[in-house]
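**Student:** what's the 3D shape of this:
(chains A and B)
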2 protein chains.
Amino acid sequence: MEKEFEKKELTKKSVNFSGWYNDVVLRADLADYAPVKGCMVFKPYGFAIWENIQKILDQKIKEAGVPNAYFPLFIPENFLKKEKEHIEGFSPELAVVTIGGGRKLKEKLVVRPTSETIMYEMFSRWIKSWRDLPFSVNQWCNVVRWEKRPRLFLRTTEFLWQEGHTVHRTQKEAEKEVKRALDVYIDLYREFFAIDGVFGEKSELEKFPGAKKTLTYEMLMPDGKALQGCTSHNLGQNFANVFNIRFQDKDGKMKIPWQTSWGFTTRSIGALIMVHGDDNGLIIPPKLAPIQIVVVPIFQGSQIDKKILKRVDDIKNILCDFKVEIDDRKEVSIGWKFNEWEIKGVPLRIEIGKKELEENKITIVRRDNWQKNLVDFQNIHNEIVAVLNSIQKDLFNKSKTFLKENIREVFTYDEFKNTAHYYKGFIKAFWCGDSRCEKNIKNETKATTRCLAGDSGRGKCIYCGRKATKKWFFAQAY
Amino acid sequence: MEKEFEKKELTKKSVNFSGWYNDVVLRADLADYAPVKGCMVFKPYGFAIWENIQKILDQKIKEAGVPNAYFPLFIPENFLKKEKEHIEGFSPELAVVTIGGGRKLKEKLVVRPTSETIMYEMFSRWIKSWRDLPFSVNQWCNVVRWEKRPRLFLRTTEFLWQEGHTVHRTQKEAEKEVKRALDVYIDLYREFFAIDGVFGEKSELEKFPGAKKTLTYEMLMPDGKALQGCTSHNLGQNFANVFNIRFQDKDGKMKIPWQTSWGFTTRSIGALIMVHGDDNGLIIPPKLAPIQIVVVPIFQGSQIDKKILKRVDDIKNILCDFKVEIDDRKEVSIGWKFNEWEIKGVPLRIEIGKKELEENKITIVRRDNWQKNLVDFQNIHNEIVAVLNSIQKDLFNKSKTFLKENIREVFTYDEFKNTAHYYKGFIKAFWCGDSRCEKNIKNETKATTRCLAGDSGRGKCIYCGRKATKKWFFAQAY
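**Tutor:** Model prediction:
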């Protein structure tokens, strides 16, 4: 078993990106395929990344005044049918319970693909007056959307997420909330995931089924395809209308409130893997790493040096505010250990052998650029803080550069097709907003609109040549 | 709306216990009935209690070296059928998915009622050698067991829980783990829930379907019925056998490992409500309270006193390590506020009015015994620490006394029937261990075995009169 592990080479990211992805997920012990098609198992090392994400995001959500709650997994089928676009969007992806407690159910129950409908039924019972607004709630849970082409983390029938839902007195307030929620996600991706991206409004075709407007953060993967990182929806009054949510306003009149919802999923871990990993395995940014530092004592031959072990212990104590793993296993070689922690993407390795001990130093090796340094033992803590910060920053800068270099603005459809075919990446172009052009572009180039690019002007639609005032980001997407 | 709230009296706990329970759960905003029969909605205030429990228990689980992971919600029907007792026990309670992605499924998928089967299929792939043992994993998730007589928190079709699963090289090690896990739960109930209980082994009839042995913590509710607080199972080699989990031992031979599983659910919140609450509402022990202290500024008439508000602000800063709520609402009366926070069971209230300000004091009022004290402003922090500790301790002592007073040892079946009928509570009696006696006792008195009482000797079975060496706790149970 162990020998096999050492021998088997990791698929090279640079040679076979998709093979590398599956290989690294399994070999780094992040996850495994489940016996149910389309589902996955989050193994402890992979789940620990999600727990780190949860901890950060949960705090940000609470700081914004949104408390956690929990709503049922099962949704009566007729609830989903109330909002026309919503059921049209989700119906091909539903898992349906038809038997409960040994009996055929009179009304089928859908396993939640998202919780708007079940939540808003409750909101309509709870919200009565303007004093109850803004009303907000968040839920961490599992959701199910039947997946025909599953990929670990990226597309699975069951996945984990957080879904926030808010209700407001005015449209303006709802619009502000949609942006606030997206800003939290942007910060999370940039500061913690160290992944730069573009963000903005989705097109009519790409928006959430039932929403008035959807905002997104879109990241570029190394293969030039885009990945939608999260979404924040302005639901307008669509759901409030059909779920009969009404409030008595200050003027005594009954009014329909404005709603938002926003979600962040375990899919984000897929982006983390793809963006930072290399031929040797994962590279996890220090701020999300389950293990930030691995300490490997290096003995001469098979002789265990107690002084070295004592020093390892000291290091562990000094670095008690970091997530440190001591690898003093005897049954595997040093080379094996290095290899394993590299695959697992631990951002920093500390080596401590006889030489280091004599010189009162430690050797540190960065996972991201293999930089090796001797550091004074007295200085460990400060040095480690600095190096981890530097890794986090460098990973982000690399991602930022990659993004910048892979946004290409085009003005003719020939250029567009060429870019979509040879370079991939984000293509920035004028589009008239007509869904027919968008569909044709997708059919002909595989590229879809990812989001509004933000800059406007006077231009011509890249496809039909009609007048267009807005530029959009296009890309082939995951 | 608001007027109604003030007027409507809370059902009295002392008059109608079951009515009081439902009333207080709804009025304290802990939860609501869901539109799907048997399911419930955890509202933010109720969910915050679960989050507090999770935080404490998750830390204890991690300290024991058990990492979190996540396994699929859906289990292929044939997995559940592999362990005979297991499927017999769970089959009446299953929810079954028969449609996925718009198509009828070839193999039905069961929504997990517990995860032994799906996890152990994976364990059989992962565990190869004695070096992989002990292997352990924990999961926080939702589970579904169809419930015909639902009650909020206590019995719901969907509930939330933590399930830990471990695999061991030896039987002895597994046995130790089962006890260790139970000990964690006992501590949790005693130290944090402030609820005393009895604990021990379950009978053959009452144990977990598929387990070799089940340990339980059983608490007594004010109506004299017992509530099972958690369980820890020694699964023996039953599941390892059928799921083909094998490991190569140090001697080179392939062996079957020993397994345990242990769980703690949102049902525990039901116990918390029932045990501590009173005619005025909830009483939440300080260590689990979402709000530990409510500060109510008291103004003379409608005039807002800025000095008082300033003092309230100072108090909040001094008490920043507590969960403090400031209630400075203008639209409701002081009486209303007191009433609301009493229903919600906030353990301590601070009042600050003109008198307190002038004397440089604050008034504190305990929720559990209504004790009212004037405390020097200089001394707030220390006083609050002491009072909250005292509340926590007093609630536990009250529970301890109640338990002690409601364990009755009986030696004849007439005494047994009398006690079961008139006093309820725990009945301690010799029982021969024959399931037929156990079933007859249940049919005739509604009392079931809760767990082994621990003390043994020479006696006669309370039912059949045959020789018996072990005493058991019996009670009518939730």
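
**Student:** Now do the contacts for the closest residue to chain B within the stretch 351-478 of chain A.
**Tutor:** In the stretch 351-478 of chain A, the residue that lies nearest chain B is A:Tyr478 (19.1 Å; CB to the nearest CB). Just so you know, the C-beta spots here come from the backbone N, C-alpha and C atoms, and that holds for glycine as well. Shown in contact with A:Tyr478 (CB atoms under 8 Å, 6 or more residues apart in numbering or on different chains): A:154-155, A:221, A:225-228, A:270.

**Student:** Is the helix or strand hosting A:Phe123 in proximity to chain B?
**Tutor:** If you go by DSSP states H and E, A:Phe123 is part of helix A:116-126. Yes - on the criterion CB under 8 Å from any CB of the partner chain, helix A:116-126 is in touch with chain B at A:118, A:121-122, A:125-126.

**Student:** ok so, going back, so the residue lying closest to the residue of the stretch 351-478 of chain A closest to chain B once chain neighbours are set aside: helix, strand or coil?
**Tutor:** Beyond its immediate neighbours in the sequence, the residue positioned closest to A:Tyr478 (CB to CB, 6 or more residues apart in numbering or on different chains) is A:Leu227, lying 4.6 Å away. Under DSSP: H, G, I helix; E, B strand; the rest coil, the three-state class of A:Leu227 is strand.

**Student:** what's the neighbour count on A:Leu227?
**Tutor:** When neighbours are counted by other CB atoms under 10 Å in any protein chain shown, A:Leu227 registers 22.

**Student:** Thought A:Ala477 was touching it, still the case?
**Tutor:** Yes - between A:Leu227 and A:Ala477 there is a contact at 7.0 Å, judged by CB atoms under 8 Å.

**Student:** re earlier: give the next helix or strand downstream of the helix holding A:Phe123.
**Tutor:** Once the chain leaves helix A:116-126, the next helix or strand it forms, by DSSP H and E, is strand A:135-144.

**Student:** got the angle for that following strand vs strand B:135-144?
**Tutor:** 110 degrees (axes from the mean of the first three to the mean of the last three CA atoms, to 10 degrees).

**Student:** Give me the distance between strand A:135-144 and the centre of its chain.
**Tutor:** Remark: strand A:135-144 is offset 16 Å from the chain centroid, using CA atoms, centre = their mean, to the nearest Å.

**Student:** anything in that strand near chain B?
**Tutor:** Yes - applying CB under 8 Å from any CB, one finds strand A:135-144 in contact with chain B at A:137, A:141-142, A:144.

**Student:** quick one on the thing from earlier: residues in contact with the residue nearest to A:Tyr478?
**Tutor:** With contacts defined as CB under 8 Å, 6+ apart, A:Leu227 is in contact with A:154, A:218-221, A:267, A:270-271, A:274, A:477-478.

**Student:** at 10 Å what do you get?
**Tutor:** When contacts are counted by CB atoms under 10 Å, 6 or more residues apart in numbering or on different chains, A:Leu227 touches A:154, A:195, A:197, A:217-221, A:267-268, A:270-271, A:274-275, A:450, A:475, A:477-478.

**Student:** and what of A:Ser203?
**Tutor:** Residues near A:Ser203 by CB under 10 Å, 6+ apart: A:214, A:431, A:433, A:435, A:438, A:448-452, A:472.

**Student:** Per-residue pLDDT of the nearest residue to A:Lys400 once chain neighbours are set aside, please?
**Tutor:** Spatially, and ignoring its direct neighbours in sequence, A:Lys400 is nearest to A:Asp196 (4.2 Å; CB to CB, 6+ apart). If you check A:Asp196, the pLDDT there is 98.

**Student:** Could you report the neighbour count for A:Asp196?
**Tutor:** What A:Asp196 shows, counting by other CB under 10 Å, is a neighbour count of 21.

**Student:** Can you list the buried residues in the helix or strand that contains A:Asp183?
**Tutor:** Using DSSP H and E, the element containing A:Asp183 is helix A:171-187. The neighbour-count check on helix A:171-187 (16 or more other CB atoms under 10 Å in any protein chain shown) flags A:173-175, A:177-178, A:181-182, A:184-186 as buried.

**Student:** now those residues in TSV, with distance to B:Val97?
**Tutor:** Shown next, in TSV, are those (distance: CB to CB, whole Å):
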residue	distance to B:Val97
A:Glu173	39
A:Ala174	35
A:Glu175	38
A:Glu177	34
A:Val178	33
A:Ala181	31
A:Leu182	34
A:Val184	34
A:Tyr185	31
A:Ile186	36
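
**Student:** near chain B too, which of the residues you listed?
**Tutor:** Counting by CB under 10 Å from any CB of the partner chain, nothing from those sits close to chain B.

**Student:** ok, back up a step: which neighbours do A:Leu227 and A:Ala477 share?
**Tutor:** Residues touching both A:Leu227 and A:Ala477 by CB under 10 Å, 6+ apart: A:218, A:221, A:450.

**Student:** At which residues are the strands of the stretch 1-150 of chain A located?
**Tutor:** A:31-33, A:40-42, A:74-76, A:95-100, A:103-111, A:135-144 (DSSP state E, counting those that start in this stretch).
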